[in-house]
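S.K.: Prediction below, plus the sequence it came from.
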Amino acid sequence: MAIFNKTRKAAISPAPTVAAAVAGGYMPNQSGVNMIGQYYTYQEGEARNKAISVPTINRARDLMASVIGCMPLKMYNEMWNGDEMEKMPIAPRSWLRRPDPSVPFQFIMSWTLDDLMMFGRAFWYITSRTADGYPASFTRLPAGSITTQDMAGPVWFAPSKEVYFQGGMLDPVNLVQFLSPAQGMIYSAPGAIETALKLEGARNRNASSSIPAGVLKQTGGEPLSAQELADLASAFNAARSTNQTAALNEYLTYTETNSTPDKMLLIEASQYQALEMSRLANVPPYLVGVATGAYSYQSSQQARADLYLFGVKLYADAIAGALSMDNVLPRGTYVEFDSKEYLEENYAADMMDDETIVRENTQEELAR
């Protein structure tokens, strides 16, 4: 049993002072800082926009965003209780519930996950600090508008020290840089994304083209003109549409085509490509509507757990890890997402199972 069983109290962060992050004196010019908040200049990037236009990627991204947006952050210290390190909850800093005062928690977290998923990194700019020098508020800078001179990618080795936003250099001291353990999607499989887009383009073209039911072919006799062939085809179609008898002579044959809507819309190819995209997005195929035949029936609790474990946890840990660094919180203070909030149905089911086992064991003991 843990010997530290009381929740420690910690002072809530001091009132923020607008000791704006621009006071670092690092930048050779202020153009980058001055563009922060000028939303008309923000862009997510063409490669990202192309990737998100693939339905499977879009679905995977939205599913994971819905999860990370509903899990609140909590703060804790770690203490040795004689057997192991024990997490001791502490009072949260003021920004924990709303890092950016201008947008909801769900919004900034969902788009931070989007940047990590697509680019492999994300950026928050510190807009104010508390009296103790630690951040009090942030704003997200889209990764598609960021360039780094000391790292070209697509693999990011550490936080950059030469970050440019809209052509202006930013002081890295005033940035929180989130690094994903997985390579950004737009870099890891551009060929697969391009294939999916070309396949969707082919499906779109085929959907707007008419499928002929059959072909009339002249096999002998005096060649018919184009107009005569067109008139013959029209008369043949009119007879068939009214269930009348259509007549052909010995010089004409009618052959039905084997084109069907499923072949024209490339259903099988699109299913395989959707499976490829689910692999790329790191989510189980059944969660994005791809049938593989390898999965048995999944309960809603199992589906929620799979989405968190295989998809969201990777990015949630990256975000929590960056927000636990010494440039954001005092050393020894950490934050993490409260996954129990999302997996409460699973916890409730597990508790019911435990109660059932205890009850059955008790009944067996009494029966003896």
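M.R.: In hand now; what should we look at? Numbers count the residues shown, from 1 in each chain.

S.K.: Give me the mean pLDDT for stretch 215-228.
M.R.: Mean per-residue pLDDT for stretch 215-228: 73.

S.K.: ends of it, how far apart?
M.R.: End-to-end span of stretch 215-228 (CA to CA, to the nearest Å): 15 Å.

S.K.: How far does it sit from its chain's centre?
M.R.: Centroid displacement of stretch 215-228 relative to its chain, using CA atoms, centre = their mean, to the nearest Å, is 57 Å.

S.K.: Likewise for stretch 269-282?
M.R.: Averaged C-alpha coordinates place stretch 269-282 at 14 Å from its chain's average position (CA atoms, centre = their mean).

S.K.: Pick out the residue nearest the middle of the protein.
M.R.: Centroid-nearest residue in the chain: residue 61, 2.3 Å away (criterion: CA atoms, centre = their mean).

S.K.: Distance of that residue relative to residue 232?
M.R.: Distance of residue 61 to residue 232, given as CB to CB, to the nearest Å: 54 Å. From N, CA and C alone the C-beta is placed, and that goes for glycine too.

S.K.: Identify the residue spatially nearest to residue 67, adjacent ones excluded.
M.R.: Once flanking residues are discounted, residue 67 sits nearest to residue 312: 4.6 Å by CB to CB, 6 or more residues apart in numbering.

S.K.: Please name the residues that touch that neighbour.
M.R.: Residue 312 makes contact with 64, 67, 68, 113 under the criterion CB atoms under 8 Å, 6 or more residues apart in numbering.

S.K.: pLDDT score for it?
M.R.: Note on residue 312: pLDDT of 91.

S.K.: okay but residue 341 is in contact with residue 70, surely?
M.R.: Yes: using CB atoms under 8 Å, residue 341 is in contact with residue 70, at 6.7 Å.

S.K.: Dihedrals phi and psi, the residue nearest to residue 37 when sequence neighbours are not counted?
M.R.: Using CB to CB, 6+ apart and skipping the chain neighbours, the partner closest in space to residue 37 is residue 139 (7.0 Å). Dihedral pair for residue 139: phi -140, psi 140, per degrees, to the nearest 10.

S.K.: What residues are bridge-paired with residue 139?
M.R.: residue 125 (DSSP bridges).

S.K.: number of nearby residues for it?
M.R.: Look at residue 139: counted by other CB atoms under 10 Å, it has 18 neighbours.

S.K.: pretty sure it contacts residue 127?
M.R.: Yes: here residue 139 reaches residue 127: they are 5.4 Å apart, a contact under CB under 8 Å.

S.K.: Find residues that contact each of the two.
M.R.: Residues touching both residue 139 and residue 127 (CB under 8 Å, 6+ apart): residue 100.

S.K.: Only alpha carbons, please: show stretch 135-144 as CSV.
M.R.: Extracted as CSV, the C-alpha positions of stretch 135-144 are listed here (Å, rounded to 0.1, in the frame of the first residue of the first chain):
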residue,chain,number,x,y,z
PRO,A,135,4.1,30.1,-19.6
ALA,A,136,0.6,31.3,-18.9
SER,A,137,-1.0,31.1,-22.3
PHE,A,138,-0.2,29.8,-25.8
THR,A,139,-1.3,30.0,-29.4
ARG,A,140,-0.9,27.3,-32.0
LEU,A,141,1.1,28.0,-35.1
PRO,A,142,0.2,25.7,-38.0
ALA,A,143,3.1,23.4,-38.9
GLY,A,144,2.4,24.1,-42.6
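
S.K.: For it, which outside residues touch it?
M.R.: 13, 16-17, 36-37, 42-45, 48, 93-95, 99-102, 108, 111-112, 115, 118-119, 121-130, 165, 176, 328.

S.K.: So which of those residues belong to helices?
M.R.: 48, 108, 111, 112, 115, 118, 119 (DSSP state H).

S.K.: What number of residues are in the vicinity of the residue lying closest to the fifth one once chain neighbours are set aside?
M.R.: To tie it back to what came earlier, the one meant is residue 115. Leaving aside its sequence neighbours, residue 115 sits nearest to residue 122 (CB to CB, 6+ apart; 3.6 Å). Other residues lying near residue 122 total 27 when counted by other CB under 10 Å.

S.K.: What separation do you get for residue 122 and residue 76?
M.R.: According to CB to CB, residue 122 stands 23 Å off from residue 76.

S.K.: Looking at residue 341 and residue 70 now, which is surrounded by more residues?
M.R.: Ranked by neighbour count (other CB under 10 Å), residue 341 and residue 70 place residue 70 first, with 15 against 12.
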